[in-house]
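A.B. asks: Sequence unavailable; structure follows:
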Ligand SMILES: Nc1ncnc2c1ncn2[C@@H]1O[C@H](COP(=O)(O)OP(=O)(O)OP(=O)(O)O)[C@@H](O)[C@H]1O
Ligand SMILES: [Mg+2]
């Protein structure tokens, strides 16, 4: 039973130490990792996924419930408490979505295929996508956004791992606020690498990176929560505009004027 994950500071690319000694993440928390391109965000979530023990270039350590992770986590996928959705997703499998989900449910439960899990997963995924995924679609035919949504649903519903790491969810055009809201209901630890202010401000706190090192850990302040509501309005307006363009509509001169 996982209660917490802790990261013990290591160092950045040029050897300067991380600006924290220890970060504790608890069940139910949503955390963002922010920073410029190349600043070490993916490296940090890889450290977490690998249960780093001072043996990665950053020298960081990751603890589960205050202890080094049991070795079986690394070698037995059914025991691994962490699901990672990477930046570059390609499928080697050409299975229909239905079979992918059923097979995965079987691997995860160690028993028989679970049609219920499959239905829950597809329902979850389709709350995040613009165009629904059909169970008879082949995995390789899904769009980038559909793929992302399916993987998030799979990690959340079927893997039921207590920790989910997502490397840059935003490029995929899925409903981000909805995703964060839905994910919160699952009471896991979610760690998002993000360039998106909307996701960063919906998080409990954010880890700021530069030059391969963590420079700050900031919890979202009350003041920022106010800004967050404003960001959501702006972002919704922009999304509505994007949707119009997608649907082949023309824009008029006053388009974004009412959003301040
Ligand atoms: N602590 C570190 N020690 C040594 N090398 C590092 C460290 N952190 C990052 N690097 C190296 O720096 C490079 C960029 O890091 P990374 O890919 O993690 O950046 P990123 O923030 O994910 O960038 P992007 O936003 O483009 O995805 C990689 O080659 C990585 O191996
Ligand atoms: Mg990256």
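C.D. replies: On my side now, so go ahead. Here the structure is a predicted model, which means the values were calculated and not measured. Ligands and ions are numbered 1, 2, ... in the order given.
A.B. asks: Please make it C-alpha for all contacts and neighbour counts, starting now.
C.D. replies: Will do.
A.B. asks: Give me every residue in the stretch 151-260 of the chain lying close to ligand 1.
C.D. replies: Residues of the stretch 151-260 of the chain lying close to ligand 1 by CA under 6 Å from any ligand atom are 212-213.
A.B. asks: For ligand 1, what is the nearest residue in the stretch 151-260 of the chain?
C.D. replies: Per CA to the nearest ligand atom, residue 212 is where the stretch 151-260 of the chain lies closest to ligand 1, at 3.5 Å.
A.B. asks: Surely that residue touches residue 39?
C.D. replies: Yes. With contacts counted by CA atoms under 8 Å, residue 212 reaches residue 39, the gap being 4.9 Å.
A.B. asks: Neighbour count for these two, which is higher?
C.D. replies: Neighbour totals were compared for residue 212 and residue 39, and residue 212 leads with 24 against 19 (other CA atoms under 10 Å).
A.B. asks: Got phi/psi on that one?
C.D. replies: When read as degrees, to the nearest 10, the backbone of residue 212 gives phi 90, psi 0.
A.B. asks: Run through the chain and note the low-pLDDT ranges.
C.D. replies: For the chain, the stretches with pLDDT under 70 are 89-92, 169-173, 260.
A.B. asks: what residues are up against the residue nearest the centre of the chain?
C.D. replies: Central residue of the chain (CA atoms, centre = their mean): residue 166, 2.5 Å from the mean position. Residues near residue 166 by CA atoms under 8 Å, 6 or more residues apart in numbering: 84-87, 190-193.
A.B. asks: Please indicate which of the residues you listed are buried?
C.D. replies: Listed as buried from these are 84-86, 190-193; burial here means 16 or more other CA atoms under 10 Å.
A.B. asks: ok, of the residues you listed, which one's closest to residue 199?
C.D. replies: Nearest to residue 199 among the buried ones among the contacts of residue 166: residue 192, at 8.0 Å, using CA to CA.
A.B. asks: which residues sit in contact with the residue of the stretch 151-260 of the chain closest to ligand 1?
C.D. replies: Applying CA under 8 Å, 6+ apart, we find residue 212 in contact with 11-13, 38-41, 43, 58.
A.B. asks: Just the ones in helices from these, please.
C.D. replies: Counting by DSSP state H, the part of those found in helices is 41, 43.
A.B. asks: Appreciated, that's everything.
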